[in-house]
Every structure is written in structure tokens, then in C-alpha cells.
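K.L.:
Below are the sequence and a predicted model; questions follow.
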Amino acid sequence: LAQEVESLLKDKLGTQPLFPEQHKQHRMLKLPTQQRVKFSERCPNPDECNSSFDLLLQVGPWSSRASAVMELFVQVAQRPTFQQLRTVEQLGYIVYCIGRELNSILAVHFLLQSSTFSSEYMEQRVEAFIAGFRATLESISESEVQEHIDALCALKLEKPKTPAAEARRFWFEIDESTFQFERRQQESACLRDLTKEDLLAFYDRCIAAKAPERRELALHVCSTKGPERLTTPQEDGQENEKSVESKKDEDKFVIVAFHEISRSNLANFKRTQEVHACPSLYPPPHVSSN
């Protein structure tokens with residue numbers, strides 16, 4: 001059927017496929033290493049009482065192993081992130097840590113939303129959590145790491161429940177021009193080879209404040225309604241003990257350089273930065289690889 005449609009378009013309508021250079025390329029900025037890039041803006045809704053903070057830590061281009069390591073890190077970090085920032089510190093109702101893939105560039109994403117605390121304070125608490133998270137990684141056993149790996153592999157290798165779900169997987173690869181139709185199988189195979197040491201190495205390379213390959217984008221959306229608290233909740237004049245203890249980790253966070261951008265200088269900032277290579281891992285089927 002596809003060949004018949006292609007023949008109809010070419011023979012009857014005279015259409016031709018695009019030349020390789022005419023294909024739209026989605027490029028991602030390569031954030032600078034060991035430098036903080038911050039975008040801050042007031043919420044345009046005057047009645048909005050919530051502020052939000054996003055921290056995006058670029059990991060690099062997709063590969064089956066890079067994706068496996070990042071997803072395992074997120075799998076291990078999700079529950080402690082929610083437990084500390086949502087349950088203990090009660091920063092806001094929305095708190096999560098996820099892995100993202102944007103135009104074949106991997107990233108670890110922290111997101112918080114609060115009607116009580118400022119985005120600046122949420123940023124401090126996220127950085128304090130990250131600073132102390134290496135100790136959490138060191139404390140887990142290899143058997144716990146293996147449990148996380150088993151859970152991830154089971155999720156990846158689960159068969160689609162509907163034809164539509166299976167089609168979405170395939171169309172994602174086609175739309176992104178990556179054509180990695182066995183992506184999940186490849187990533188699962190890489191997951192089986194990972195250890196606790198791989199998690200620690202990933203943290204030291206991409207996540208820690210002084211990590212040599214840390215590339216970060218901090219996004220602040222600030223409430224325009226009502227005052228925002230800048231301190232932790234207090235009970236009878238005493239701060240939560242766990243909050244005080246986690247504050248000790250803030251001293252470990254050091255900013256090497258700082259870029260503050262806004263809508264007015266966003267285009268200029270983008271012009272001065274490198275971009276990642278074209279995310280297409282394989283050429284489209286009708287384009288010769290020679």
C-alpha cells in the first residue's frame with residue numbers, strides 16, 4: 001500500500017522527495033560546562049499564586065548505554081527526591097525528578113512548584129539535595145541497584161497493550177529520524193551490565209556541583225500574587241531538624257560562572273553557544289548513506 005501511494009504521488013502528481021539538505025533538522029544547544037545558565041520570568045497571570053523551578057542537567061547525545069545509565073540514576077533518585085523535598089521539607093505539591101530525551105539529547109530534569117516558597121529558595125533546596133545525594137548512592141547495596149535494574153528492564157520490555165501504543169513507539173523513531181526500532185532491547189541489555197560504580201561515576205561526571213561535564217539550565221517562573229516565603233517551615237520557632245541538616249550541604253555548591261538570560265537577550269545567547277550534532281543516527285530510508 002505504501003508503495004502504491006508513493007507511486008501515485010510521483011507518477012500522477014509529479015512530486016519528488018526532498019533533498020537531504022532540505023530536511024528539517026532539530027538542533028539542541030550545548031549548554032556550557034560548569035556554568036549556570038538561568039532564565040527567570042514573572043508569571044503573566046496576575047492571579048497565579050504558584051512559582052516553579054526547573055533544573056535541567058544535560059547529559060549528552062543518546063546512546064543505548066548513556067540512556068541506560070541516566071535512567072538508572074533517575075530510577076534511584078526519584079523516591080529520595082520526593083521524600084526529602086516534598087514530604088520532609090514540604091516545598092510544594094509538585095516535586096519530581098525524571099529523565100528526558102529532547103531531540104536525542106539526554107537530560108535529568110528536576111521540577112518543583114510551590115505556592116509557599118520562592119523559586120530561588122526551591123533552587124537552593126534542590127542543589128542541597130543534589131549535594132547530599134552522593135552519600136545516598138554510596139549507601140545503597142549492589143542488590144538494591146539490581147532491583148532497580150530489574151524494574152527498569154521489566155518496564156522497557158513490557159509489550160505494548162494496544163496497537164496504538166506500539167504504533168506510537170515506531171512513529172517516534174520515524175519522526176525523530178533515529179530509526180532505533182529496537183531501542184528498548186538495546187537499553188535493557190546495557191542496563192544488565194551496570195553497577196553501583198557506574199552510578200557514582202555518572203553523578204561525579206554530570207550531576208555534582210563541580211562535575212566536569214555538568215551542563216545546567218535553571219528556569220524560574222515567579223508568582224505575581226502575594227508574598228513568597230524564603231525560609232523553611234518552623235514549628236514553635238524551631239526549624240525541622242532534617243531541613244537544617246540538609247542545609248549543611250549547600251556549602252558544597254559552588255558556581256564557576258553565571259549566565260542570566262531573559263526574553264530580550266535569549267536570541268543573542270543562543271547565537272553564542274555551540275549546538276549538538278544533528279540527532280539523526282541514521283539517514284532516512286530514501287537517502288543514500290554514501
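P.N.:
Here it is on my side, so go on.

K.L.:
Every contact and neighbour count from this point should use C-alpha atoms.
P.N.:
Will do.

K.L.:
And stretch 139-151, how far out from the chain middle?
P.N.:
Relative to its parent chain, stretch 139-151 has a centroid offset of 22 Å by CA atoms, centre = their mean, to the nearest Å.

K.L.:
Would you mark the buried spots in that stretch?
P.N.:
Val145, Gln146, His148, Ile149 (16 or more other CA atoms under 10 Å).

K.L.:
Stretch 182-193 too?
P.N.:
Using 16+ other CA under 10 Å as the test for burial, stretch 182-193 gives Arg183, Arg184, Gln186, Glu187, Ser188, Cys190, Leu191.

K.L.:
hey, C-alpha coordinates of it in PDB?
P.N.:
The C-alpha trace of stretch 182-193 is given here as PDB (Å, rounded to 0.1, in the frame of the first residue of the first chain):
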ATOM      1  CA  GLU A 182      15.000  -1.900  19.000                       C
ATOM      2  CA  ARG A 183      15.900   0.900  21.300                       C
ATOM      3  CA  ARG A 184      14.300  -0.700  24.400                       C
ATOM      4  CA  GLN A 185      16.000  -4.000  23.800                       C
ATOM      5  CA  GLN A 186      19.400  -2.300  23.400                       C
ATOM      6  CA  GLU A 187      18.900  -0.200  26.500                       C
ATOM      7  CA  SER A 188      17.800  -3.200  28.600                       C
ATOM      8  CA  ALA A 189      20.900  -5.100  27.500                       C
ATOM      9  CA  CYS A 190      23.100  -2.200  28.600                       C
ATOM     10  CA  LEU A 191      21.200  -1.900  31.900                       C
ATOM     11  CA  ARG A 192      22.200  -5.500  32.800                       C
ATOM     12  CA  ASP A 193      25.900  -4.600  32.700                       C
END
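
K.L.:
which outside residues touch that stretch?
P.N.:
Ser64, Arg65, Ser67, Ala68, Val69, Leu72, Ile149, Leu152, Cys153, Lys156, Leu157 (CA atoms under 8 Å, 6 or more residues apart in numbering).

K.L.:
Give me the neighbour count for the fifth one.
P.N.:
Number of residues near Val69 (other CA atoms under 10 Å) recorded here: 23.

K.L.:
Give me the phi and psi for the residue nearest to Thr224 when sequence neighbours are not counted.
P.N.:
Distance criterion CA to CA, 6 or more residues apart in numbering; nearest residue to Thr224, sequence neighbours excluded, is Pro46 at 5.6 Å. With angles defined as degrees, to the nearest 10, Pro46 sits at phi -70, psi -20.

K.L.:
Can you give me the distance of Pro46 to Leu111?
P.N.:
22 Å (CA to CA, to the nearest Å).

K.L.:
Looking at those two, which is more packed in?
P.N.:
Using other CA under 10 Å, the more surrounded residue of Pro46 and Leu111 is Leu111, with 18 against 11.

K.L.:
Dump the buried residues of stretch 139-151 into TSV; add distance to Gln16 and pLDDT as well.
P.N.:
Shown next, in TSV, are the buried residues of stretch 139-151 (distance: CA to CA, whole Å; pLDDT from 0 to 100):
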residue	distance to Gln16	pLDDT
Val145	52	95
Gln146	51	95
His148	49	96
Ile149	47	96
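
K.L.:
Go through those residues and name the one nearest Glu173.
P.N.:
Checking these against Glu173 with CA to CA, the nearest one is Ile149 at 24.1 Å.

K.L.:
My guess is that closest one contacts Phe73. True?
P.N.:
No - with contact defined as CA atoms under 8 Å, Ile149 and Phe73 do not form a contacting pair (10.1 Å).

K.L.:
what sits in contact with each of these two?
P.N.:
Applying CA under 8 Å, 6+ apart, one finds that no residue jointly contacts Ile149 and Phe73.

K.L.:
Which parts of the protein are helices?
P.N.:
Counting by DSSP state H, the chain has these helices, from start to end: 2-11, 64-81, 119-139, 142-156, 163-175, 183-191, 196-202, 241-247, 266-271.

K.L.:
so which of those gets nearest Glu216?
P.N.:
Glu216 sits nearest to helix 119-139 of all the helices of the chain, at 11.6 Å, using CA to CA.

K.L.:
How much space separates Ala164 from Trp171?
P.N.:
Ala164 sits 10 Å away from Trp171, going by CA to CA.
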